[in-house]
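*Asks:* Below are the sequence and a predicted model for it; my questions follow.
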Amino acid sequence: MPKNLNNLKTIVRRPQDCSDKMKEEFIRLVAEGGEAEENRVRLSLPYTETLIFTGVGNHIYGVGALLRPRINFIQHLFQCAGEPQMANPHSVESCWISVSIRHRGKGVWRHNNAAKEEFLGNRPYHSLRRVDNKNVSDPAKEKIYIHVGKDFYSPISKDKLRLIAANHDPIFNPKKTFVYM
Ligand SMILES: CC(C)(COP(=O)(O)OP(=O)(O)OC[C@H]1O[C@@H](n2cnc3c(N)ncnc32)[C@H](O)[C@@H]1OP(=O)(O)O)[C@@H](O)C(=O)NCCC(=O)NCCS
């Protein structure tokens with residue numbers, strides 16, 4: 001089993017606070033992961049809440065992002081999964097996770113994910129994954145996410161999709177207030 005990299009550092013930064021070089025590196029790494037369309041990432045990047053970079057020194061090895069999707073889209077996802085009552089309009093979407101092929105299996109994602117969890121605290125968030133993506137689809141390895149409803153097909157992808165969520169109540173309660181960290 002390969003050893004985890006030492007001296008990993010993760011930074012969580014708003015897109016407007018990132019240099020052009022960082023943003024280009026982000027797009028390049030997501031494209032290398034092959035799970036998101038490069039053009040869509042380029043167009044949506046300025047509207048993300050935060051970009052999350054993990055690396056050593058000035059070298060970026062892995063990235064992830066947090067988006068604030070439109071409420072309609074959140075409702076669509078939970079509807080597709082068969083749990084419309086769970087849809088929380090405040091849910092943040094965790095997406096565009098990718099680690100460069102050379103640096104996989106060395107704890108880069110784990111580091112990136114830990115920073116994301118700390119940043120989000122108890123805010124509700126969700127993620128959409130291809131069921132066939134073996135890198136991320138083992139439910140036994142999930143610690144925080146729960147599997148929402150049933151896997152489904154949707155017009156946004158030809159692949160079967162899985163919705164996972166954290167800090168969600170089984171029925172969204174609009175009166176509940178959240179303590180943001
Ligand atoms: C998925 C990916 C980001 C993992 O990056 P990585 O840096 O190699 O991962 P790490 O070395 O930090 O290891 C992650 C750990 O999380 C585990 N893990 C956590 N949740 C998991 C899940 N749901 N399914 C499978 N493994 C999971 C892994 O098994 C591994 O633990 P282990 O070493 O004890 O086996 C990387 O393979 C990648 O970039 N893939 C292509 C893009 C992609 O699939 N992105 C996800 C889109 S949703």
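*Replies:* Good, I have the coordinates. Numbers count the residues shown, from 1 in each chain.

*Asks:* Tell me how far residue 20 lies from the ligand.
*Replies:* 23 Å (C-beta to the nearest ligand atom, to the nearest Å). For glycine as for every other residue, the C-beta is placed from the backbone atoms N, C-alpha and C.

*Asks:* for the ligand, what are the nearby residues on the protein?
*Replies:* 33, 35, 62, 97-99, 104-110, 129, 133, 135-138, 141-142 (C-beta under 6 Å from any ligand atom).

*Asks:* And what about the spatially most central residue of the chain, helix, strand or coil?
*Replies:* Nearest to the mean C-alpha position of the chain, counting by C-alpha atoms, centre = their mean, stands residue 94 at 2.3 Å. Three-state call for residue 94 (DSSP: H, G, I helix; E, B strand; the rest coil): strand.

*Asks:* Isn't it up against residue 126?
*Replies:* Yes. Using C-beta atoms under 8 Å, residue 94 is in contact with residue 126, at 7.2 Å.

*Asks:* picking up where we left off before, out of the residues of the chain next to the ligand, which sit inside strands?
*Replies:* 62, 97, 98, 99, 129 (DSSP state E).

*Asks:* any idea which of the residues you listed is closest to residue 175?
*Replies:* For these, the residue nearest residue 175 by C-beta to C-beta is residue 129; the value is 30.9 Å.

*Asks:* For burial, what's the neighbour tally of residue 151?
*Replies:* Neighbourhood size, residue 151 [other C-beta atoms under 10 Å]: 18.

*Asks:* With the one 3 residues further on instead?
*Replies:* Burial of residue 154 is recorded as 16 neighbouring residues (other C-beta under 10 Å).

*Asks:* ok, now which ones touch residue 150?
*Replies:* 81, 82 (C-beta atoms under 8 Å, 6 or more residues apart in numbering).

*Asks:* how near is it to the ligand?
*Replies:* For residue 150, the distance to the ligand equals 17 Å [C-beta to the nearest ligand atom].

*Asks:* Show me the strands in this structure, by range?
*Replies:* 9-13, 50-56, 59-67, 92-99, 125-130, 146-147, 152-154, 157-166.

*Asks:* For residue 21, find the nearest of those.
*Replies:* strand 59-67 (9.7 Å).

*Asks:* Pairing partners for that closest one, with directions?
*Replies:* Applying DSSP bridges, strand 59-67 is found paired with strand 50-56 (antiparallel), strand 92-99 (antiparallel).

*Asks:* okay, those in a markdown table with distance to residue 18 and mean pLDDT next?
*Replies:* Shown next, in a markdown table, are the strands paired with strand 59-67 (distance: least, C-beta to C-beta, whole Å; pLDDT from 0 to 100):
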| stretch | distance to residue 18 | mean pLDDT |
| --- | --- | --- |
| strand 50-56 | 6 | 98 |
| strand 92-99 | 14 | 98 |
